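Asker: The following comprises the amino acid sequence and a computationally predicted model.
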Amino acid sequence: NFLSENLKNLLLGKKSISSNILQDLESILLQADLGISTCNKIIKNITINLTRQQLTDSELIYKTLSKLLLEILQPCCVPLVIPENIKPFVILLVGVNGAGKTTTIGKLASLYKALGKKVVLACGDTFRAAAIEQLAVWGNKLDIPVIKQSIGADSASVIFDGFNFAMAKGFDILIADTAGKKKKKKKKKVLCV
């Protein structure tokens, strides 16, 4: 995970800490897509709650930051309840490239299969061959069907095929991967005379 790895590299195991710690921290938070408002809130909270001397204590900064992030995320932690009367229940994962969508799909599939649910996966990330292969590996590992097409195929079509498959075969859950980017349309050349 980008955020945790970079925070560990910045803060943990250091004998001395940079005088630019707040700027470095802010940069990592922004690169992790926390947003300007959330980032400013975190930096402000750290500067208010830690003394100048404490800002040289990397372990304390890390613990304070962890606590702040948990406080921000806690209200969002709501269990996903899958209604029994909706079949297939569709879970569509969206996010930027490298956010961990495909790995999360594998973990969710494993969880729901362990709970006795019939799960099917759909590989809507048709832009990266690795995404298709990665989802296929999860499917093989968990003995779960994976609906996929070739690289460059229409993402919505793959997910639609997955939905139809799940409906026809009585699956409980369809988990669909998506691409972190939109398919580029080729510009048409116009000849002017």
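Answerer: In hand now; what should we look at?
Asker: What's the local residue count around Glu71?
Answerer: When neighbours are defined as other CB atoms under 10 Å, Glu71 has 11 of them. (Glycine included, C-beta is placed from N, CA and C.)
Asker: So it: helix, strand or coil?
Answerer: Classification of Glu71 using DSSP: H, G, I helix; E, B strand; the rest coil returns helix.
Asker: same question, Glu84
Answerer: Using three-state DSSP as the criterion, the local structure at Glu84 reads coil.
Asker: for Val120, same thing?
Answerer: Put simply, Val120 is strand when judged by three-state DSSP.
Asker: how about the strands in this protein?
Answerer: Listed in chain order, the strands found in the chain under DSSP state E are 89-92, 119-123, 146-147, 173-177.
Asker: Using CSV, write out every CA atom in the second one.
Answerer: As requested, the backbone C-alpha atoms of strand 119-123 are provided in CSV (Å, rounded to 0.1, in the frame of the first residue of the first chain):
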residue,chain,number,x,y,z
VAL,A,119,-19.1,-16.2,-6.2
VAL,A,120,-18.2,-15.3,-9.8
LEU,A,121,-15.6,-12.7,-10.9
ALA,A,122,-15.7,-10.4,-13.9
CYS,A,123,-12.5,-8.9,-15.3
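Asker: List the strands paired with it, with their directions.
Answerer: strand 146-147 (parallel), strand 173-177 (parallel) (DSSP bridges).
Asker: Lys67: which of the ones you listed is closest?
Answerer: Checking the strands paired with strand 119-123 against Lys67 by CB to CB gives strand 173-177 as the closest, at 32.1 Å.
Asker: isn't Ile21 right next to Tyr62, touching?
Answerer: No - distance between Ile21 and Tyr62: 11.0 Å, which falls outside the contact criterion (CB atoms under 8 Å).
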